[in-house]
Every structure is written in C-alpha cells, then in structure tokens.
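Student: Fold the stuff below for me.
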Amino acid sequence: MQIKNYIDILNQDGLITKTNVSDDMMHTEIEKVSYNSKDVASNTLFICKGLKYKEEYLLEAIQNGAICYVAEEIKNVGEDFPCIIVNDIRKALALISILYYDYPATKINMIGLTGTKGKSTTAYYIKSILDHYMESIGHKDTAIVSSIDTYDGVITKESVITSPESFDLQGHIRNAVNTGLENLVMEVSSQALKLNRVYGITYKVGAFLNISEDHISGIEHPTFEDYFYSKLQIFKQVENAVINLDSDMISDILEAAKVCKTITTFSTKNKDADIFAFDIQKDGHEKIKFKVLSKISPLNEKEFVLTMPGLFNVENALCAIATASILNVPYENMYEGLLHAKASGRMEIHASKNGKIIVIVDYAHNKLSFEKLYESTKAEYPDKDIITVFGCPGGKAQLRRMHLGELSGKNSKISYLTAEDPGPENTLDICKEIASYIEKENGKYKIIEDRGEAIKTAILENENVVILITGKGNETRQKMGTTYVPCLTDTEYAVEALKEYDAKSE
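Tutor: Okay, here's the model as predicted:
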C-alpha cells in the first residue's frame, strides 16, 4: 500500500486534521506499519500511540527507518518530516491496521462476545461446536482470541489481556484467513470498545451475556454508566445480535440492539425467549443436562449435556446454541460440541480420595461471577461448607475489593486472601482492604500472601468443604510491579496439595 491509501482511509472517517505529506511522496510504498519503535524497518509508517508514548520513541523509529508518522499533534522532530495528524489516534491505528492487513475481518465469520462474566467459557463452547461442525464437513477448526489464550492458525499463546490492540488483533485475523480458517470467536472487552481496539470490525454474530459493576477505576471506567455504555457500543458493529434475556438492564440492552439486522434472545427463566432452557438437571459431580425450546431452529425438546460443572454455564451454553443456530450448525454438532467443551481454568474440579475435599478452580473475579459461583456451589454441594481462596488485582477495578470481600464474608466459612496480580500495589495492603469488608459481614479470614501457600493451607487444614480457588485459573504468571513473574497454575498448586492431604489421610 502507498501512503496515499492510508491517507484516503483516514479521510473517509474524518480523522485527519493536518498532513504535510508532499504530492511526490504520496505514492511511496509503505512496507511496514508499527507502533513499537524497536519493530521498525525501512519505509515504515510509525504510529505515535499510548499514554506512555515518549518523543524518544519516534526519534528511534526514524533512526530505524520510519519515513512518516501518525500522531494527534506535531512532534518535535523537524517541521518538514512527513506526518499525518489525526483527531483520534486509536481509531486511526485501527483503520491503518485494517488496510495494512487487507481487510481480513471481511473474509471470515467474526463472532464477538461481551458481558461481565462468561465470555471465555462461551467462547470455548462456540469454538467446540464450530470445530465439530467444521470437522464433519472436512474443513479447518476455529480461531479464538480470549482472555485464556489466542489461537489463529499460526500462533498459539497464553493471553495477557482480553482483547489485544487493534494492530495485533488484525494480525491474528489475517493469520486465520491465510491458514484457511473460516470462523473466529473472540471476547470483546469494555476497554476494547472504549479504546477502539475493535473499531472497523463487523461481527456476523455479536452476543451480550450480562452486565454488573466491574472495571470501575481511574484507569478503566470512571463510573458504571461509562462501563455499560462502552459495552453497548458493540451493537453498532453487529449484524446478528444474541442477548441474554435474564440480564440486568435488559430493556437498555434490547434498545441498543435495534440497530442490528436480527435479535435472538435466550433465557433459563423467560419462556418468551427465542431459545429457552428447561428441565435443567445435575447428573453427578460434573454433568448437567437440559432441554431447549427454540423459535429459530428445529431444536424443540432436544437435550444437551455439559461436562463442565456450574449450573450458571447453562446460560453460556444457550448463547453458544443461539450463535450456532444463526450459523446454521446442525443439532448433532451442537450436542457433541457442548458435550466435549472445556475451558482451561474454568470450573475445574479436583477431589481428595476420601471425598471430603472438593476443589474448584475457576476464573471468577468480579461481583457477578462470585454471585453465580456461590449460588451454583450451594445448590450442587448443599452438605459442604464453602472456603474461598482469592485476591484482587492492583491498580485497577478497586470496587472488586468491596464486592468480593462482602460476598466471601457472607458465603464462606473462612476466606484465604492472597496475591492476585498485585502489580503496582502491595499484596498485603490489598488483602487488608478486602479483609475490612469480610469483617463487616462477620466473616473469618486469613492472609497468606504467597498464593501457593494459601491454596495448600486451605486444603490441608479443612474437612468436608468445597474450596473455591478463584481469579487466576490456569494462568502461569503473576503481575508483580511492571513485570510478569512465572508461577505454577492454581490447578497445579491444588493437585500438589491434594496429594499431600491424601498421603496424610491414608
């Protein structure tokens, strides 16, 4: 692509306020686009993006081969150096990325999921259904971009954030297209919508799972209203909307979705939904069976089986069924996909040999996910006390400390407070803040900063309990300060502690 092509696409959205690119330079070919000064080669278009941007980055980029930069203001690198000044650098980066990778999202079925909880599990339910379907017709599997990991046909890696920056996301979509994948399912976070990481993408199917207070902080969303508003923006980019009729704020959600071509609703409570679950039954420790009534596909009275525990997962399964119905996936593939679906670190059950200790590893990390987890655990294990091992991240989502502290104080026999990506804050300070809310509910707690020790202690000093280990799932790193430190997963910590418990119990 030539510089002129990038200027044209930015002009189409009214983003350019000024440019000094000469007529002679307009037809210069751009060989690379980058917002990382260390990843620059000859004929690079450099994007000056980010709160941590420094002028030295642009100088380094120019030294490495950048021939033009895009920014929201003219930089101090010489008045004659070619630049494109825009009024929104994030939208500009998104459009430049789309052009650089040649509109990859138009060549694949994009499926986007937003909501406060359940995005990861639902993404893996949809991927499993589509994988079974595509295999049955001799086609390739499904790409996924989630808070657990990313797979695009070329790259498989553990994710650091839910929705990557627009340039990186477009690269993943391009990889999926180049390797012949036909579907990509992704989590779309409120930050991705607010910061325009997904700007310019049209989703064939876009689902809204639920809404509750989360990510309220000085560096995320200042208010719940801002958080909710950001979530609702997804519908402006969706052809076929899928909506949980049981969600809070449902009238606002349905109103926002009116811009979509179609709206499909699902519910476990409201029979007026397009897809309704009934006869929901627990079958042993892990299996859940249910049937559906459907107004949009021939699924009436059809049974489905989940092998991931947690009654709340029926809602996630209904969203996957609705999405698959829109994509014309046969019932048999939906059934097999849900039967075999797993999401790493989500509702993983481990038990002691004598059955007195049940450990559930789950990623639950906000108010709504804690509420659903406690509700489901009490229904599935009515004869056992609940123990919770958790913490809260540092530098963001401060409201979680109050919400999770209060909920654990009300529902846990004892809470073990520990490190959970403390980042710029001190782990002990975070734990003490959570503990103050547990105390208000007359709950008991212990603070053990080392996460492995907290999990081990919870398992070794309790009997006849369900131990909920939340927040980290199977993540292999802890954010300490500004770096990520390798660590064992919660599952690994739990399995080792259960072995010790079993040895002592023999």
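
Student: ranges for the strands of the stretch 351-500 of the chain?
Tutor: 357-362, 385-390, 414-417, 445-447, 465-470, 477-480, 483-486 (DSSP state E, counting those that start in this stretch).

Student: Actually, the stretch 201-350 of the chain.
Tutor: Remark: strands assigned in the stretch 201-350 of the chain by DSSP E, counting those that start in this stretch are 203-208, 238-244, 262-267, 275-283, 287-294, 302-306, 348-351.

Student: Rebuild those as JSON lines, extending it with mean neighbour count and mean pLDDT.
Tutor: Yep, even glycine has a C-beta here, placed from its N, CA and C like the rest. Formatted as JSON lines, these follow (neighbours: other Cβ atoms under 10 Å; pLDDT from 0 to 100):
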{"stretch": "strand 203-208", "mean neighbour count": "26", "mean pLDDT": "98"}
{"stretch": "strand 238-244", "mean neighbour count": "24", "mean pLDDT": "98"}
{"stretch": "strand 262-267", "mean neighbour count": "22", "mean pLDDT": "98"}
{"stretch": "strand 275-283", "mean neighbour count": "15", "mean pLDDT": "93"}
{"stretch": "strand 287-294", "mean neighbour count": "19", "mean pLDDT": "94"}
{"stretch": "strand 302-306", "mean neighbour count": "18", "mean pLDDT": "96"}
{"stretch": "strand 348-351", "mean neighbour count": "18", "mean pLDDT": "92"}
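
Student: Just put those in a markdown table and tack on distance to Gln478.
Tutor: Formatted as a markdown table, the strands of the stretch 201-350 of the chain follow (distance: least, Cβ to Cβ, whole Å):
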| stretch | distance to Gln478 |
| --- | --- |
| strand 203-208 | 31 |
| strand 238-244 | 32 |
| strand 262-267 | 36 |
| strand 275-283 | 34 |
| strand 287-294 | 32 |
| strand 302-306 | 31 |
| strand 348-351 | 19 |
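
Student: Can you check which helix is longest in this structure?
Tutor: helix 119-136 (DSSP state H).

Student: what distance separates that helix from the centre of its chain?
Tutor: 16 Å (Cα atoms, centre = their mean, to the nearest Å).

Student: Can you identify the element that follows that helix toward the C-terminus?
Tutor: Sequence order places strand 143-145 as the next helix or strand after helix 119-136, per DSSP states H and E.

Student: SS state for the residue nearest to Ile16 when sequence neighbours are not counted?
Tutor: Closest residue in space to Ile16, ignoring its immediate chain neighbours: Leu10 at 5.0 Å, by Cβ to Cβ, 6 or more residues apart in numbering. Assigned with DSSP: H, G, I helix; E, B strand; the rest coil, Leu10 falls in the helix class.

Student: what sits against Leu10?
Tutor: By Cβ atoms under 8 Å, 6 or more residues apart in numbering, the residues touching Leu10 are 16, 84, 86, 92, 95-96.

Student: With neighbour count, distance to Met334 and pLDDT as added columns, please give those in TSV.
Tutor: Output for these, formatted as TSV (neighbours: other Cβ atoms under 10 Å; distance: Cβ to Cβ, whole Å; pLDDT from 0 to 100):
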residue	neighbour count	distance to Met334	pLDDT
Ile16	18	47	97
Ile84	24	47	97
Val86	26	44	96
Ala92	27	41	97
Leu95	23	36	98
Ile96	28	39	97
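
Student: about what we covered before: and the longest helix of the chain, what's buried?
Tutor: For helix 119-136, the neighbour count (16 or more other Cβ atoms under 10 Å) marks 119-134 as buried.
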